[in-house]
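Visitor: My questions are about this predicted structure, shown below with the sequence.
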There are 2 protein chains.
Amino acid sequence: MAAKTDDSGPVIPPAIESAWGLRERPPKGPRPGMSVPAIVDAAVRVADADGLAAVSMSRVAKELGAATMALYRYVGSKDELLMLMVDAGYGPSPGPPPPDHEWRAGLTRWAWAEHEVLRHRSWLLHVPISGPPITPQQLGWMEDGLRCLDGTTLAESEKMSVLLLITGYIRNEATLTAQVAEGSRAAGVAPSEMMPAYGRMVARLIEPDRFPALHRVLTSGVLSQNDDPDDEFTFGLDRILDGIEALIQRRAG
Amino acid sequence: MAAKTDDSGPVIPPAIESAWGLRERPPKGPRPGMSVPAIVDAAVRVADADGLAAVSMSRVAKELGAATMALYRYVGSKDELLMLMVDAGYGPSPGPPPPDHEWRAGLTRWAWAEHEVLRHRSWLLHVPISGPPITPQQLGWMEDGLRCLDGTTLAESEKMSVLLLITGYIRNEATLTAQVAEGSRAAGVAPSEMMPAYGRMVARLIEPDRFPALHRVLTSGVLSQNDDPDDEFTFGLDRILDGIEALIQRRAG
DNA sequence: CTGTTATGCGTAGACCATACGCAGAAATAG
DNA sequence: CTATTTCTGCGTATGGTCTACGCATAACAG
């Protein structure tokens, strides 16, 4: 029932060990013709070019000029490969805040960095994540986020919760933005026409008596004007940071 | 390049029309042996029992004692079926707030209702959503959420952003909770031992010098004590509502 | 040189969604 | 009553997925 817990502690998936550089090549046998990083790079290249759905083991193998099954000597499963792709896809964190930092500015910078990554690599949002972060880069991001909160009065558990809150918001906002972009491409509509078209469709489906508040939003023309998506992001982020600020001040006062 | 926009406006997917009860049966031909709601119910039953991954067209058909291809007379694709499953899975919204409502209490109730649904039906989180809500129940939830903000000083666009913010948070929190539960089942570890095991694994992977803030969190024992997951949810929700409150007061004052 | 061990990879199995086309049932038109 | 139309149910088939298994071979240890 308990996981294997000998002197080496709980089980670490092989892919994770290799990501942390803890795997040593056995001295016997033929030289490997590929490497885990090369495979991950190829997979990321495929995802960048044609989306996550195009990432199949055969497609990645073709990218490398190798046979499909050859990959399974390096990664245990497709899920492992996906985990490594996420790690590589995020890339290194934006770095720690400057020494005399103010937490709000630091977290804002941190948030925009993740926002930027997700805008550039929207396939990261489609990877079904299966647990808390354990890969090097991911923990690097977390480390730098925690450092932003170093000078505050928050408890350690609260710092963690705050980061979770912000990361979740960023992912969610990016998901919605990517969906609009994706939908506009699929329907052959200009991105700027997407939300207006959505508004018109909803207007045709609902009856004003049963959906008065929604009707009011529609007639207010909110969806017709297409504002800078960055404004939407800034709005939510500022709300969250306001909420955190309120807590910090309550703790301090 | 523009979508079809005759007198009936933009294209509405057949599945959506049927969900709104806008489809009429043609007068000729044999009676249908099934119905869209029956199919959706069966699919939801499968997802409730064995998870979203078990929902295949053949599995759903088997559940109904029908042939696989028979389903395609009723739904255009598996994606359409998924959309209808989401609508049915959420169920009716918790209803509008009471007449003399206070916005914060109303939104809290609304948030907990969605939280409850997602806790009970975690497969909803695994459905790859492909656009803004257009199904009846989904818009019903949105309507009731908007009504909670009726008496406030917020602009219509801000109300929308606020709802998006809260829904996103709820989904994100539910996703993380479900992942922990899922992981504990997969690894055969008790759920209460999951976060401690994670903490120990991270502690073994990182070097304290390179990850000082993270190391501090680990040694603080945050992950070792397993607190009520509802507390975590409440924490984030309160931070967000605090942020919204700050905005409302700024608008009012 | 011999034994051990890891690699590359071909084969094959078990799934999956779904395009297509045919037999037949139901309702209408004459 | 008969012919026609139109839709339903569903069998077949295609092309895709992941991956378990096993064999030949290459490289090193002694």
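Guide: Everything's here; your move. As the structure is a computational prediction, the values presented were derived from the model and not from experiment. Numbering: from 1, shown residues only, chains lettered A, B, ... in the order given.
Visitor: contacts, neighbours, all on C-alpha from now
Guide: OK.
Visitor: Can you give me the distance of the residue lying closest to residue A:163 once chain neighbours are set aside to residue A:114?
Guide: Sequence neighbours aside, residue A:145 is the residue nearest to residue A:163 in space, at 6.8 Å (criterion: C-alpha to C-alpha, 6 or more residues apart in numbering or on different chains). Remark: distance between residue A:145 and residue A:114 (C-alpha to C-alpha, to the nearest Å) = 11 Å.
Visitor: okay, these two: which has more neighbours?
Guide: residue A:145 (31 against 20; other C-alpha atoms under 10 Å in any protein chain shown).
Visitor: So which other helices or strands are in contact with the helix or strand where that one lies?
Guide: Element membership for residue A:145, per DSSP states H and E: helix A:136-148. Counting contacts by 3 or more C-alpha pairs under 8 Å, 6 or more residues apart in numbering or on different chains; DSSP states H and E, helix A:136-148 is packed against helix A:78-90, helix A:103-120, helix A:156-187, helix B:212-219.
Visitor: Output the contacting helices and strands for the third one.
Guide: Yep, that's helix A:156-187 we're talking about. Checked by 3+ C-alpha pairs under 8 Å, 6+ apart, helix A:156-187 has helix A:103-120, helix A:136-148, helix A:191-205, helix A:229-252, helix B:156-187, helix B:212-219, helix B:229-252 packed alongside it.
Visitor: Give me the buried positions along the longest one.
Guide: For helix B:156-187, a neighbour-count test (16 or more other C-alpha atoms under 10 Å in any protein chain shown) marks B:156, B:158-184 as buried.
Visitor: So that helix, near DNA strand D or not?
Guide: No. Helix B:156-187 does not reach DNA strand D (C-alpha under 7 Å from any atom of the strand); its nearest approach is 14.5 Å.
Visitor: What mean pLDDT does that helix get?
Guide: Model confidence over helix B:156-187 averages 92 on the pLDDT scale.
Visitor: can you pull the buried residues of the helix-or-strand element of chain A with minimal mean pLDDT?
Guide: Ranked by mean pLDDT, DSSP states H and E, the weakest helix or strand in chain A is helix A:14-19, scoring a mean of 78. Of the residues in helix A:14-19, A:15, A:16, A:18, A:19 count as buried by neighbour count, 16+ other C-alpha under 10 Å.
Visitor: Show the contacting residues for the first one.
Guide: Looking back up the chat, that one is residue A:15. A:75, A:76, A:80, A:81, A:84 (C-alpha atoms under 8 Å, 6 or more residues apart in numbering or on different chains).
Visitor: okay, now residue A:207: neighbour count?
Guide: 12.
Visitor: Show the contacting residues for residue A:124.
Guide: Residue A:124 neighbours (C-alpha under 8 Å, 6+ apart): A:86, A:89, A:118.
Visitor: got the residues of chain A near DNA strand D?
Guide: Going by C-alpha under 7 Å from any atom of the strand, the residues of chain A near DNA strand D are A:27-31, A:54-59, A:68-69, A:77-79.
Visitor: Now for the nearest residue in space to residue A:53 that is not next to it in sequence, which secondary structure element holds it?
Guide: Excluding its sequence neighbours, the residue lying closest to residue A:53 (C-alpha to C-alpha, 6+ apart) is residue A:47, at 7.7 Å. Using DSSP H and E, residue A:47 falls within helix A:36-50.
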